[in-house]
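Asker: Sequence and predicted structure, then a few things I'm wondering about:
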Amino acid sequence: MHDDVDASGPPEGIVPLGDDIFAIDTMLAGYPGIVSSYLIRSERPCIVEVGTAGSARVLHEAVTGLGLAPEDLATIVVTHIHLDHAGGTGDMASLFPNAEIVVHERGARHLADPSRLMRSAAMVWGDRLDTLFGMMRPTEAARIRAVGETGEIDLGGGRRLVTHYAPGHAKHHMGLVDTLTGDLYVGDALGMYKPLTGDVVPATPPPDFDMEACLATLRLFGDIGAQRLMFSHFGAVGTVEETIDQAEAELRLWVETVREAHGSTGDLDHAIAMVRDKVVARYRPLPPEASSGTGEILDTLSGPEANVSGIVHWLDRLAQEKAEREAREERLS
Ligand SMILES: [Zn+2]
């Protein structure tokens, strides 16, 4: 793409994917290849995923560069409200004054009032919060449309995006299917796809990660029979069944490894070390043409520390539920 000298070609960071779909690199923290947004330039144009607060300007430039006026954008939809996907929603709402903001109902109130979300993000990220994500600004509640188990976004001309509630990575996560193309926007439900190596790395962060919900979402996505998987991290993938199978196998391996390590000592650092040795060591290193910094940030967002603590958090929750159940049964007997 970058070697393309054709002056009529798309601007840097924009990849045309056919049927008026464009992948737009949102340049998280200034780095390429981390978070992809998608513009569907249909009759009622729609953006899927907004990236961080700093990405709003990037998207504004891309959308106008692709021939739309800011007023033309009809919809902005986020797969979930994690800051790398939705941190720029408030800024986007200001830059695109007519766009309706669509989000799962479990995330809607946090877009209108991000204060709680920002407080907990500050606890997780500390002084890295500002460089990685910036500040999420509130979105006017009247412009937010919350969807439930399923929902629809009108793309015009009979084309629609159908939303499917898809928890596991987060409680406020959904997938989106384009009725014209059969593309499935997967958010983080399958983890991160690394286009330079072909690896799929699970994304299992605290506090919401739930293995059973994740597996159910993977089954749902498999049943959809999509044409392509549109990853937020990063890009479009045509090998749908193989990639969903790969995501499931990786998820099981991460969880089994943590279960084993955590069960033996209960020590988080031990579990992280074991995952590094047994699981992460199998992945191919990023090739030299990858931007330096990109790999490090991908690792920060969804590397061993975040993923292992999410899995441990889930295992602890399971153990607690089991103990409570047994105590209840004890009382009844
Ligand atoms: Zn996420």
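Answerer: Done, it's in. Residues are numbered from 1 along each chain as shown.

Asker: Quick check: the gap between the residue of the chain found nearest the ion and residue 125.
Answerer: Using C-beta to the ion, residue 82 is the residue of the chain that sits closest to the ion, at 3.4 Å. All C-beta atoms are positioned from the backbone trio N, CA, C, and that covers glycine. Using C-beta to C-beta, to the nearest Å, one gets 12 Å for the distance from residue 82 to residue 125.

Asker: neighbour count winner among the two?
Answerer: Of the pair residue 82 and residue 125, residue 82 is the one with more neighbours under other C-beta atoms under 10 Å, namely 24 against 15.

Asker: ok, for the more buried one, nearest residue in space, not its chain neighbours?
Answerer: residue 170 (6.4 Å; C-beta to C-beta, 6 or more residues apart in numbering).

Asker: again, but for residue 230
Answerer: Per C-beta to C-beta, 6+ apart, closest to residue 230 is residue 185, 4.5 Å.

Asker: Might you report the residue contacts of the one you found?
Answerer: 38, 48, 49, 79, 161, 175, 176, 177, 178, 230, 232 (C-beta atoms under 8 Å, 6 or more residues apart in numbering).

Asker: Bridging across strands, which residues link to it?
Answerer: Per DSSP bridges, the residues bridged to residue 185 are residue 176, residue 230.

Asker: Need the per-residue pLDDT for it.
Answerer: The model reports residue 185 with a pLDDT of 98.

Asker: in the least confident helix or strand in the chain by mean pLDDT, what counts as buried?
Answerer: Every helix and strand of the chain was ranked by mean pLDDT, DSSP states H and E. The lowest is helix 294-302, at a mean of 87. The neighbour-count check on helix 294-302 (16 or more other C-beta atoms under 10 Å) flags 294, 295, 297, 298, 301, 302 as buried.

Asker: Output stretch 167-174 as PDB, restricted to C-alpha atoms.
Answerer: Only the C-alpha atoms of stretch 167-174 are listed here, as PDB (Å, rounded to 0.1, in the frame of the first residue of the first chain):
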ATOM      1  CA  PRO A 167     -20.400 -10.500  25.300                       C
ATOM      2  CA  GLY A 168     -17.300 -12.300  26.700                       C
ATOM      3  CA  HIS A 169     -14.600  -9.700  26.100                       C
ATOM      4  CA  ALA A 170     -16.900  -7.100  27.600                       C
ATOM      5  CA  LYS A 171     -20.500  -6.900  28.800                       C
ATOM      6  CA  HIS A 172     -21.200  -4.100  26.500                       C
ATOM      7  CA  HIS A 173     -19.800  -5.700  23.300                       C
ATOM      8  CA  MET A 174     -21.700  -6.400  20.000                       C
END
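
Asker: ok, and what's touching that stretch?
Answerer: 79-82, 103-104, 106-107, 110, 147, 151, 163-166, 187-189, 203-205, 208-218.

Asker: Let me see the ranges of the strands in the stretch 51-200 of the chain.
Answerer: 75-77, 100-104, 144-147, 150-156, 159-165, 174-178, 183-187, 192-194, 199-201 (DSSP state E, counting those that start in this stretch).

Asker: I'd like to know which elements the fourth one is packed against.
Answerer: What that stands for is strand 150-156. strand 75-77, strand 159-165, strand 174-178 (3 or more C-beta pairs under 8 Å, 6 or more residues apart in numbering; DSSP states H and E).

Asker: Mind putting those strands into TSV with distance to the ion?
Answerer: TSV is the format used below for the helices and strands packed on strand 150-156 (distance: least, C-beta to the ion, whole Å):
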stretch	distance to the ion
strand 75-77	15
strand 159-165	15
strand 174-178	12
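
Asker: Next, format those as TSV and append mean pLDDT and mean neighbour count.
Answerer: Formatted as TSV, those follow (pLDDT from 0 to 100; neighbours: other C-beta atoms under 10 Å):
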stretch	mean pLDDT	mean neighbour count
strand 75-77	98	26
strand 159-165	98	20
strand 174-178	98	26
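
Asker: Could you dump these into TSV and include distance to residue 43?
Answerer: Compiled in TSV, those are given as follows (distance: least, C-beta to C-beta, whole Å):
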stretch	distance to residue 43
strand 75-77	12
strand 159-165	8
strand 174-178	14
